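Q: Generate coordinates for the sequence data below:
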Amino acid sequence: MSDNIKPVNSGPIDAVILWVDGSDVKLAEKRERYLAHEKLSAAHPGALPVRFASSNEIRYCVLSILTFAPFVRNIYIVTDEQDPGLHAEVAERFPSWAGCLRIVDHKEIFRGYEEYLPSFNSSSIQTLIWRITGLSENFIYFNDDMILIRDTVEEDWFIDGKPVIRGRWLWPPVRKIAGNALKVLVNRQIRRNKDYRPKISFYIRQWKTSRLTGRRWRYFFHCHTAHPMRIKTLEDYFSANEELLRKTISYRFRDASQLILTSLAYHLEIRNDSAHQARLNLGYLHPWYSEARLNRRIDRCTKDQRIKSVCVQSIEMLGSNQREKIFNWLDNVLNLNYGN
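A: The predicted model follows:
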């Protein structure tokens, strides 16, 4: 692995990225087999094709880290017997980081819990990323659709070893909870759709996760951004709550009852008074934006110096013109046009 620049104040900082290529025939066949094994349909909220789709966002994610977070020591890509094939490009564009990239198979982080493999559930997989061999105590977790667009420094992520958590305080999502209960009632009792499951709510899951740390009235809501975390915080918690760990990772497909690791980590740090709270500094690019709105979003991200990352959600659902526009913009941001 690499021995890149080590920050003085917070020790080495690594990056961890979860990635899957849903078009892989072998993986798709395995997923279908275990859907049948779990007696779940392809319409299950945790088995929708969009959860496994890849449009090469991982390339932009990795290259953005190397471009805008040069203090990062190593980048670990966690996946299931797959490889996005980025080693050659990293070595060409960033020779000093040629050895920084490592593929981490699910078997490594699930060691001791092999009975829960294979897993097609990012929430289960995410829960174990702190078990990567050689991972730095302080690390930053990315999904593959999270892309940096401006320079960041160590203090954007950790200050004196304490994570900088970005989000806002919210009251319990009562309306969403009540709405889900009503949808279940209507669909299962009136429409007789016994298998109906409401959409899994990011808000409700974060609220429920916060309650594991003693929160009652408000919770610290975070968005789809990269997250600074610490191994010791998670290791200490799960050492004392192994049954909860096992329950969380036992779901092969995402389930509404699962905790969210990032929310757990944030609320543990808040409870321990070991986090710095800050405003969000990201932009969203959603598939349901009109082309005009997408143009306005890109323009804002380009001009607003406070925005340091974007989340490009479900890019495969965008029209070809919109996809091309986003990729061209990212190529310019990351200066990827040279040598092509």
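
Q: so where's the protein shaky on pLDDT?
A: 1-9, 38-55, 316-317, 338-340 (pLDDT under 70).

Q: the helices in it, which residues?
A: With DSSP state H, the ranges of helices along the chain come out as 25-37, 57-68, 87-93, 106-109, 122-126, 174-185, 202-211, 231-240, 242-249, 261-271, 291-303, 320-333.

Q: Rebuild these as TSV, extending it with distance to residue 192.
A: Every residue, glycine included, has its C-beta placed from N, CA and C. Formatted as TSV, the helices of the chain follow (distance: least, CB to CB, whole Å):
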stretch	distance to residue 192
helix 25-37	23
helix 57-68	40
helix 87-93	53
helix 106-109	38
helix 122-126	30
helix 174-185	12
helix 202-211	25
helix 231-240	41
helix 242-249	31
helix 261-271	35
helix 291-303	39
helix 320-333	39
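
Q: List the buried residues of stretch 157-174.
A: 157-159, 162-167, 172-173 (16 or more other CB atoms under 10 Å).

Q: meant to ask about stretch 193-210, not that
A: 197-198, 200-202, 204-210.

Q: Now do it: distance from first to last residue.
A: One end of stretch 193-210 to the other measures 32 Å (CA to CA, to the nearest Å).

Q: which residues does residue 231 contact?
A: 130, 135-137, 139 (CB atoms under 8 Å, 6 or more residues apart in numbering).

Q: sorry, back to before: which member of the buried residues of stretch 193-210 is positioned nearest residue 261?
A: The closest of those to residue 261 turns out to be residue 209 (CB to CB; 8.5 Å).

Q: Tell me, how many residues neighbour the residue nearest to the closest one when sequence neighbours are not counted?
A: Spatially, and ignoring its direct neighbours in sequence, residue 209 is nearest to residue 263 (4.1 Å; CB to CB, 6 or more residues apart in numbering). Residues within reach of residue 263, counting by other CB atoms under 10 Å, total 24.

Q: Run a quick neighbour tally on residue 189.
A: Using other CB under 10 Å, residue 189 has 11 other residues around it.

Q: So it versus residue 35, what's the distance?
A: 26 Å (CB to CB, to the nearest Å).

Q: now do residue 118
A: 11 Å.

Q: again with residue 208
A: On the measure of CB to CB, residue 208 and residue 35 end up 25 Å apart.

Q: same deal with residue 304?
A: 42 Å.

Q: hang on, the earlier thing: let's have the buried residues of stretch 193-210 in JSON lines, adding distance to residue 149.
A: Below are the buried residues of stretch 193-210 laid out as JSON lines (distance: CB to CB, whole Å):
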{"residue": "197", "distance to residue 149": "36"}
{"residue": "198", "distance to residue 149": "34"}
{"residue": "200", "distance to residue 149": "28"}
{"residue": "201", "distance to residue 149": "28"}
{"residue": "202", "distance to residue 149": "23"}
{"residue": "204", "distance to residue 149": "30"}
{"residue": "205", "distance to residue 149": "27"}
{"residue": "206", "distance to residue 149": "25"}
{"residue": "207", "distance to residue 149": "30"}
{"residue": "208", "distance to residue 149": "32"}
{"residue": "209", "distance to residue 149": "28"}
{"residue": "210", "distance to residue 149": "29"}
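
Q: Thanks a lot, catch you later.
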